[in-house]
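Enquirer: Curious how this folds, go ahead:
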Amino acid sequence: MTRGRLVAGPRGLQARVAAEIRRRLTEPRPAAAIIADARDMRGRMAETFPGTNPWDLKYAAGGLVDIEFAAQLLQLCAAGTGDVLDQNTIRSIEKLIAAGSLDPADGESLIAAARLQQDLTQVLRVAIDGEFRPETASAGLKALLARVAGLKDFARLEPLLRERQKRAHEVFERILDGR
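Expert: Sure, this is the predicted structure:
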């Protein structure tokens, strides 16, 4: 529900639904229960989508799903203490940092990983069907991916991607450990 968006309906109904979503998101809940539920849910997802390839930008350790889980979990834990709710993952992380609910260095690690992987995802969605395989990708696609990442060549992209995913996953693990 942290990413719920109202897209249609009479204004009065939209206002009532928005108020109910906010009420439910800001209800006090034990952080330990939220963390346990998130750990369980992410574990079940990993069984179905193991994300063993760093180019599986959604499911890889430190990928977009881990970042989204971290942001949503922290929003639920802190929702009653300040303005931390946002449907946008990066904006929610920025709000969590500003509210003191997320260490700034951890937040910046999550944001850097999210931005890079979101940018790469947009290019890959348009450029290919299916899974990205660097060994068979064209030189033009590799050059475009490097440029999107702000790099001069593709050879530097995978180490950058792996490092950002590693840092994001470390933050994710600390959050799931309740630290």
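Enquirer: where does the protein have low pLDDT?
Expert: 1, 179 (pLDDT under 70).
Enquirer: what ranges do the helices span in it?
Expert: 11-26, 31-48, 64-78, 89-98, 104-127, 139-148, 157-176 (DSSP state H).
Enquirer: buried residues in the second one?
Expert: Of the residues in helix 31-48, those buried by neighbour count under the rule 16 or more other Cβ atoms under 10 Å are 34-35, 38-39, 42. For glycine as for every other residue, the C-beta is placed from the backbone atoms N, C-alpha and C.
Enquirer: Just the residues contacting that helix, thanks.
Expert: Residues outside helix 31-48 that contact it (Cβ atoms under 8 Å, 6 or more residues apart in numbering): 59, 65-66, 69, 72-73, 76-77, 175-176, 178.
Enquirer: Tabulate the helices of the chain in TSV, adding columns for distance to residue 54.
Expert: Converted to TSV, those look like this (distance: least, Cβ to Cβ, whole Å):
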stretch	distance to residue 54
helix 11-26	32
helix 31-48	15
helix 64-78	12
helix 89-98	19
helix 104-127	10
helix 139-148	13
helix 157-176	5
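Enquirer: which stretch among these comes nearest residue 3?
Expert: helix 64-78 (7.3 Å; Cβ to Cβ).
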